[in-house]
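S.K.: Kindly generate the corresponding structure for this input.
(2 chains)
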Amino acid sequence: MRDYPLENRGAFPPHVAAGAGASISLAPVKGGFVIHLLGDAKSDEAALKKALAKIAPELGADVRKSAPNQWFWVGDADVSSDRLTEIQAGLPSQFALADQTHGRVRMRLSGPSSRTVLAKGTMVDLSADLFAIGQSAMTQIGHIGAMITRIEDDSFELIVLRSFAGSLWDELNHMAAEFR
Amino acid sequence: MSSLVKCPHCGLRPREEFTIRGEVATPRPDAGADEALWFDHVYLRDNPRGEHREYWHHSGGCRRWLVLTRNTLTHETSDVVDASTLKLGERA
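M.R.: Purely as a prediction, here's the structure:
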């Protein structure tokens, strides 16, 4: 748990908004939280979501599976370290929380061409019947490890380590250039 | 060459997402075993033609260690399991 205030500074270079006719847009997700949730071998995702919804209904229970018994819990609210301590205390003892808000950042790639752009970097099949809204995959975009989550039909959220964010940002802008 | 590996947790993924550790060694000898046995265990590796069992780490995905049975001739991967399941099975 962090015991110091975070200075909230964007991980991305200043960017230019896409033109009106562009079929793609890339934007940072500002604020919010990313919390790494770790469970034991017998953890059950449905039970975890239920527990989170009960303990912290204001934060939503958007958990994205990153590995067996590991998830990223993501939301748009700001969570104080005191609140986080409370949540940890309320969770069943098989789960542990690690705040990753400082270390992992989110960005959103939207527009009709978003799937085509992502397909240049990852080989995970993002077609709607295999990768539904709300589904996540931990994968690589080029050489950068990232988690892809489908938010809407034509909108994806990416979670990436902060120190790689600038690089991925540049790479995605290159990949999207033909659609701007 | 098949460059897709069916991770038991993530599904079909490209070889580029994995880090290959090498052969699954024979069980560790006893602490007091002969030096030659230890030498064999630590340094000597087979180079089989055909089926080979290897440790692969899914470093670009779920970050789990897997044990993969790969045919060194055809590069077909027949069986991929999470390495943690081995403890329960044949390799105590």
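S.K.: OK, contacts around B:Thr77?
M.R.: B:Thr77 sits next to B:Ser2, B:Val5, B:Lys6, B:Leu68, B:Thr69, B:Arg70, B:Asn71 when contact means CB atoms under 8 Å, 6 or more residues apart in numbering or on different chains. Placement of C-beta: from N, CA and C, glycine included.
S.K.: For A:Ile55, give its distance to chain B.
M.R.: A:Ile55 is 26 Å from chain B, where distance means CB to the nearest CB, to the nearest Å.
S.K.: May I have the phi/psi pair for that residue?
M.R.: phi -80, psi -40 (degrees, to the nearest 10).
S.K.: swap in the one 4 residues further on?
M.R.: Phi and psi for A:Leu59, reported as degrees, to the nearest 10, are phi -100, psi -10.
S.K.: Not counting its neighbours along the chain, what's nearest A:Gln140?
M.R.: B:Gly60 (4.2 Å; CB to CB, 6 or more residues apart in numbering or on different chains).
S.K.: just A:Glu86 next, same as before
M.R.: A:Ile55 (7.8 Å).
S.K.: again, but for B:Pro48
M.R.: B:Thr72 is the one closest to B:Pro48 (CB to CB, 6+ apart), at 6.3 Å.
S.K.: Return the residues in contact with the one you found.
M.R.: Contacts of B:Thr72 by CB under 8 Å, 6+ apart are B:Pro48, B:Arg49, B:Gly50, B:Glu51, B:His52.
S.K.: wait, does the longest strand along chain A contact chain B?
M.R.: In chain A, assigned by DSSP state E, the strand with the most residues is strand A:144-152. Yes. Applying CB under 8 Å from any CB of the partner chain, one finds strand A:144-152 touching chain B at A:Gly145.
S.K.: How about that strand, which residues are buried there?
M.R.: Applying a neighbour-count criterion of 16 or more other CB atoms under 10 Å in any protein chain shown, one finds A:Ile144, A:Gly145, A:Ala146, A:Met147, A:Ile148, A:Thr149, A:Arg150 buried in strand A:144-152.
S.K.: ok, and the closest non-adjacent residue to the fourth one?
M.R.: If the residues on either side of it in the chain are set aside, A:Met147 comes closest to A:Ile159, at 4.2 Å by CB to CB, 6+ apart.
S.K.: Do I have it right that that neighbour meets A:Thr101?
M.R.: No. Counting by CB atoms under 8 Å, A:Ile159 stays clear of A:Thr101, with 11.1 Å between them.
S.K.: Overlap in contacts, those two.
M.R.: A:Val34.
S.K.: With neighbour numbers in mind, choose between the two.
M.R.: A:Ile159 (23 against 19; other CB atoms under 10 Å in any protein chain shown).
S.K.: about what we covered before: with pLDDT added, can I get the buried residues of strand A:144-152 in TSV?
M.R.: Converted to TSV, the buried residues of strand A:144-152 look like this (pLDDT from 0 to 100):
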residue	pLDDT
A:Ile144	95
A:Gly145	95
A:Ala146	96
A:Met147	97
A:Ile148	97
A:Thr149	97
A:Arg150	97
